[in-house]
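Asks: here is a sequence with its predicted model. Questions after.
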Amino acid sequence: MMLFAFSLPPLLILAIDMTFYGGFKGIDTGVSFTRFANATLTAYTLCSLFLLGNLFFYGESRNRPWAPLVGMIMATAFGILATIFFLGQGSMLLENNGSVRAQAIYNIVHMFVSSGAVLLAVSVALGVTFSAITSQKQRTDFELEEE
Amino acid sequence: MAGIGFVWLAGMHWWVLTPQLAPNEVNPYWYVFWPTFILLTSCLASCSAVTLLMIGVERKAESNTMFIVSGLSFAVLLLGLNVDGPLVRGDEFREHLWLAVSDLAGIAVGSLLSILVFALVIYLYERSLPEPKTITPPTESELKQVSSLIASHLGGEEE
């Protein structure tokens, strides 16, 4: 139910588009797939790098073992290599960029902008929720007995 | 404050505040930020409203507030799709809205994959660790000694 509520706005827009325009207006599946693939690869790589940093703190309680660190470095390297490999496959994942390096840098900057928007949206939603909860009148757990 | 922020952002779409790289050239990252932010705000507020109704006790008023926030964000979204600004056209906004949906889905999938890999690495390492050494159970004489020690510290003589 909560998942449905979360996906309701885009579903409503789709429904409105289908009602008034008789189809999915403005959706180019090729471009959308390219963006999805780039976002997946970039998010995987950047998130792996962040989690690799977290392993440093995990190691403090385990006598600094090398095995998980090497495993995570390999996982991160896999993400970087997969990004370079797929970007190098011609125009499949290149979005208005001429080279692999330009696309990789664009992906990273794009991810920071998207992450900023996501963080701001989460802050607004959480902030309004908690301000709505705390602005209500103080509740009493027990009714006062009438004398 | 949040309202002023929303009005300011709306002014960046429908007024002269649109971020530009050069005269009449909209900053491409504005097309990334604005649809992502407004769509996710609507989604999260809607999810929060339903969560308050399902989990919270007597939270109908708060839930209604969140439905209003979600509805307002959705209205801004619909306006963006249908009303052109001085520099941002509805068609362009629509195209970038669906790109934002792809972007959000990609971020979710990529982040979940990396978290899964992280969990797998930790799990495999912890599983490879040897079992901790266990000590032998106490013998009969040790048990007797312990029980006599406990007995000597319990009870006591009355004065």
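Replies: Received it, and whenever you're ready, just let me know what you need.

Asks: when you work out contacts or count neighbours from here on, use the C-alpha atoms and nothing else.
Replies: Fine.

Asks: my guess is residue B:50 meets residue A:4, correct?
Replies: No: counting by CA atoms under 8 Å, residue B:50 does not reach residue A:4; the two are 9.5 Å apart.

Asks: neighbour count winner among the two?
Replies: Neighbour tally, residue B:50 and residue A:4, criterion other CA atoms under 10 Å in any protein chain shown: the higher count belongs to residue B:50, 23 against 13.

Asks: which SSE is residue B:21 in?
Replies: strand B:20-22 (DSSP states H and E).

Asks: helix or strand right after that strand?
Replies: strand B:25-26.

Asks: and after that next one, which helix or strand comes next?
Replies: By DSSP H and E, the next helix or strand past strand B:25-26 is helix B:28-55.

Asks: and that following helix, what does it pack against?
Replies: Under the contact criterion of 3 or more CA pairs under 8 Å, 6 or more residues apart in numbering or on different chains; DSSP states H and E, helix B:28-55 touches helix A:2-6, helix A:8-21, helix A:100-134, helix B:60-82, helix B:90-128.

Asks: now distance to residue B:147 and mean pLDDT too, for the ones you listed, in CSV please.
Replies: Formatted as CSV, the helices and strands packed on helix B:28-55 follow (distance: least, CA to CA, whole Å; pLDDT from 0 to 100):
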stretch, distance to residue B:147, mean pLDDT
helix A:2-6, 58, 82
helix A:8-21, 67, 82
helix A:100-134, 57, 89
helix B:60-82, 61, 87
helix B:90-128, 38, 88
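
Asks: may I see those organised as a markdown table, with distance to residue A:86 added?
Replies: Formatted as a markdown table, the helices and strands packed on helix B:28-55 follow (distance: least, CA to CA, whole Å):
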| stretch | distance to residue A:86 |
| --- | --- |
| helix A:2-6 | 31 |
| helix A:8-21 | 29 |
| helix A:100-134 | 9 |
| helix B:60-82 | 33 |
| helix B:90-128 | 15 |
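
Asks: grab the nearest non-local neighbour of residue A:59.
Replies: residue A:65 (6.2 Å; CA to CA, 6 or more residues apart in numbering or on different chains).

Asks: surely that neighbour meets residue A:57?
Replies: No: Residue A:65 lies out of contact with residue A:57 (CA under 8 Å); the separation is 11.3 Å.
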